[in-house]
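Asker: Okay, predicted coordinates and the sequence, questions at the end:
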Amino acid sequence: MSTLTHNSMTNHHAPGLIQQIGETLHVWHERYRTRRELTNWTARDLHDVGLSWSDIAYEADKPFWRA
């Protein structure tokens, strides 16, 4: 066997990559969920936060991967 040890041949970036993928999926899911929730708000809710129906339509039409 060569002078490389088993530990030196291990990909130490994999746990970080898996965590980043998990975080990205979580963000995408939250965007999707909150955009769908916005479509159920009443006119009063929108008025309270200063949004219009066109603001909601614009936001709800965005794909989940777009911030």
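Answerer: Done, it's in. Numbers count the residues shown, from 1 in each chain.
Asker: Which stretches in the protein count as helices?
Answerer: Applying DSSP state H to the chain gives helices spanning 14-38, 43-49, 53-60.
Asker: Of these, give the one that comes closest to Ala67.
Answerer: helix 14-38 (7.6 Å; Cβ to Cβ). C-beta coordinates here come from the backbone N, C-alpha and C atoms, glycine included.
Asker: still on that earlier bit, and of the helices of the chain, who's closest to Arg66?
Answerer: helix 14-38 (8.0 Å).
Asker: From the contact counts, what lies against that closest one?
Answerer: The contact analysis (3 or more Cβ pairs under 8 Å, 6 or more residues apart in numbering; DSSP states H and E) places helix 14-38 against helix 53-60.
Asker: Make TSV out of the helices of the chain and add mean pLDDT and distance to Ala67.
Answerer: Compiled in TSV, the helices of the chain are given as follows (pLDDT from 0 to 100; distance: least, Cβ to Cβ, whole Å):
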stretch	mean pLDDT	distance to Ala67
helix 14-38	93	8
helix 43-49	94	19
helix 53-60	94	11
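Asker: okay, the ones you listed in a markdown table with distance to Arg66 and mean neighbour count next?
Answerer: Below are the helices of the chain laid out as a markdown table (distance: least, Cβ to Cβ, whole Å; neighbours: other Cβ atoms under 10 Å):
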| stretch | distance to Arg66 | mean neighbour count |
| --- | --- | --- |
| helix 14-38 | 8 | 11 |
| helix 43-49 | 21 | 10 |
| helix 53-60 | 10 | 12 |
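Asker: Distance-wise, check the residue nearest the centre of the chain relative to Trp53.
Answerer: Most central in the chain under Cα atoms, centre = their mean is Val27, positioned 1.8 Å from the mean C-alpha point. Look at Val27 and Trp53: by Cβ to Cβ, to the nearest Å, they are 26 Å apart.
Asker: And for Glu59?
Answerer: 11 Å.
Asker: residues contacting the residue lying closest to Asp55 once chain neighbours are set aside?
Answerer: The shortest distance from Asp55 to any non-neighbouring residue, by Cβ to Cβ, 6 or more residues apart in numbering, is to Leu46 (7.7 Å). Listed by Cβ atoms under 8 Å, 6 or more residues apart in numbering, the contact set of Leu46 reads 52-53, 55-56.
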